[in-house]
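> fold the following for me, if possible:
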Amino acid sequence: MIWDGKHIAKADTLATSLFEEFVEKPIGSDIPLSTDNTLTTPLERKIRLYQFACVLLAVLDAERSNPAFSQVREIFESKFFPPTFAEGAELLDEVKHAMKDLSDLIQPVEKGKSNPMSWGLKWLNDIGIHQDNPATIVMFVLRWPHHYVAAVKALGKFDPFD
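Numbers count the residues shown, from 1 in each chain. The predicted structure follows:
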C-alpha cells in the first residue's frame, strides 16, 4: 500500500529486508583485497560488522525524524546481536566503534579532515591486509558512503507500522 508517496510496510518486514539486502550480502566482494585465503574470515567478519553499523546509522537517522522507525531499529538490531546483553556486550562495543569510524568517513565533523586513503589503509591494516594499490583502496573506501546512501534512500521510500 502507498500512502503519501511512501510504501507502507510492517516494521518486521522492513527490518528483515534491510538485514538481508544490506548486511547479509557482502559489498565490495569484487574488489581483490587479498589472495591469502587465511584472511577471508576476518575480512568477511569486519565487512559484515561495518555493513550492519552503516545501515544502523541510516536507521537511526530515519528514527530521529520518524519515531515509527524505532521498532524497525529494534528488530534490525535483534537480527545481529545475541539475545542477552552479556552475550553481546563485546559486539556492541565493536558496533559502536564501527559506527564512529564510518561517521568519520561519511560525515566528518570538521570539513576537510576526512582522508579516505588513510581511512581505507587503516581499515585494511587492522585485519592484516596490506594493500598498496591506490585504485583498489579508493574503490573499497567509496563502497561505504554508497552503502549508507543506498540504505538512506531505501528507508526514505517506506513508512513503517507495527
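> drop to CA atoms for contacts and neighbour counts, all remaining ones
Noted.
> then V109 would be within a strand, right?
No - with the criterion set as DSSP: H, G, I helix; E, B strand; the rest coil, the secondary structure at V109 is coil rather than a strand.
> can we start the residue count at 324 from this point?
Yes, from this point I'll number from 324; that puts the last item at V432.
> how many other residues sit next to it?
Burial of V432, expressed as a neighbour count using other C-alpha atoms under 10 Å, amounts to 11.
> that one and D424, how far apart?
Taking C-alpha to C-alpha, to the nearest Å as the criterion, V432 is separated from D424 by 12 Å.
> what segments of this protein are helices?
Here the chain has its helices, by DSSP state H, at 334-345, 363-388, 392-401, 408-429, 439-448, 457-479.
> so the longest one versus helix 439-448, what angle?
Angular relation of helix 363-388 and helix 439-448 on a 0 to 180 degree scale: 130 degrees, by axes from the mean of the first three to the mean of the last three C-alpha atoms, to 10 degrees.
> against Q454, how distant is the residue nearest in space to the middle of the chain?
Centroid check for the chain by C-alpha atoms, centre = their mean gives C377 as the closest residue, at 2.3 Å. Spatial separation of C377 from Q454 under the definition C-alpha to C-alpha is 23 Å.
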